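Peer 1: Next one to model:
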Amino acid sequence: MRAVRALDRSWLAAGGERVAVVASVGDREARWSLRYADGRRLGLRFPGWPERLREGREILVFPDRETLEAIRASLRVVGAGAVVSP
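Peer 2: Numbers count the residues shown, from 1 in each chain. Next comes the predicted model:
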């Protein structure tokens with residue numbers, strides 16, 4: 001979640017325009033995503049959320065493939081000396 005927040009802030013600061021926040025909830029999984037005018041997207045999945053909520057367990061969250069790649073790319077930039085704030 002922190003990495004997605006940092007990427008969103010970074011993309012907005014660089015002039016990106018967020019055009020939508022989309023949430024969908026199903027019987028087995030929920031999804032949430034931020035969409036940008038240039039076609040980029042950051043998305044999170046919440047698998048098994050109904051059972052976990054009923055059982056009082058913590059909700060799991062995973063980045064989707066595109067988001068995981070963006071996070072990895074931002075970490076490579078950070079490793080090269082740039083700073084990304086959470």
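Peer 1: can you map out the strands along the protein?
Peer 2: With DSSP state E as the definition, the chain shows strands at residue ranges 18-25, 29-36, 41-47, 62-63.
Peer 1: Now tabulate the ones you listed in JSON lines and tack on mean pLDDT and mean neighbour count.
Peer 2: In short, each C-beta sits where N, CA and C put it, glycine included. Listed next are the strands of the chain as JSON lines, based on pLDDT from 0 to 100; neighbours: other C-beta atoms under 10 Å:
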{"stretch": "strand 18-25", "mean pLDDT": "96", "mean neighbour count": "11"}
{"stretch": "strand 29-36", "mean pLDDT": "97", "mean neighbour count": "17"}
{"stretch": "strand 41-47", "mean pLDDT": "97", "mean neighbour count": "18"}
{"stretch": "strand 62-63", "mean pLDDT": "96", "mean neighbour count": "16"}
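Peer 1: do you know which of those lies nearest Glu69?
Peer 2: Of all the strands of the chain, it is strand 62-63 that lies closest to Glu69, at 8.9 Å by C-beta to C-beta.
Peer 1: thought Arg35 was touching Val22?
Peer 2: Yes - Arg35 lies in contact with Val22 (C-beta atoms under 8 Å); the separation is 6.5 Å.
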